[in-house]
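Trainee: My questions concern the predicted model and sequence given below.
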Amino acid sequence: MLKKGKLLMAIILGIAIISYIETKDFEVMEKLPANIPIGEMEEPVNSEAEDDDTTGIIPELEIVLVETEKIDGHIIEKYQEFEVYKSTDGRVVKKVPTTHYNYIRYQEDF
């Protein structure tokens, strides 16, 4: 009977610790910006008036690390998607930023 009581207390304590950690992570995520201003892009994505050197080229999508910052003991990496136009010999002809962003959060080592 005593073993069941200790097991039950360990489970309750584990749930309480996990709940605390998840709540703290949620608070950090709330501080991240939800709407990121894009600003002026050099070239519009999927523009009607594209250069002649990219006509007929299907762009490849590439994810690029654009910013890293530290917030409340976490490292936040910001990635942006780019449309990359390559010639038949593999040379990059044009690289166009899109409005798609991804964020990865890491706990900073203490």
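Mentor: Looks like it arrived, so ask away. Residues are numbered from 1 along each chain as shown.
Trainee: send the alpha carbons of the strand ranked longest in the chain over as CSV?
Mentor: Looking across the chain with DSSP state E, the single longest strand is strand 92-107. The C-alpha coordinates for strand 92-107 follow below in CSV (Å, rounded to 0.1, in the frame of the first residue of the first chain):
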residue,chain,number,x,y,z
VAL,A,92,22.0,31.3,-59.7
VAL,A,93,20.2,33.8,-61.9
LYS,A,94,17.9,35.4,-59.4
LYS,A,95,17.0,34.9,-55.7
VAL,A,96,13.6,36.3,-54.6
PRO,A,97,12.5,36.5,-50.9
THR,A,98,9.0,35.3,-50.1
THR,A,99,6.8,36.2,-47.2
HIS,A,100,7.2,32.7,-45.5
TYR,A,101,9.1,32.6,-42.3
ASN,A,102,9.9,29.7,-39.9
TYR,A,103,11.1,30.0,-36.3
ILE,A,104,13.2,27.5,-34.3
ARG,A,105,13.6,27.9,-30.6
TYR,A,106,16.4,26.4,-28.5
GLN,A,107,17.0,26.5,-24.8
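Trainee: Sheet partners, orientation included, of that strand?
Mentor: strand 74-86 (antiparallel) (DSSP bridges).
Trainee: tell me the average confidence for the partner strand?
Mentor: Mean pLDDT, strand 74-86: 92.
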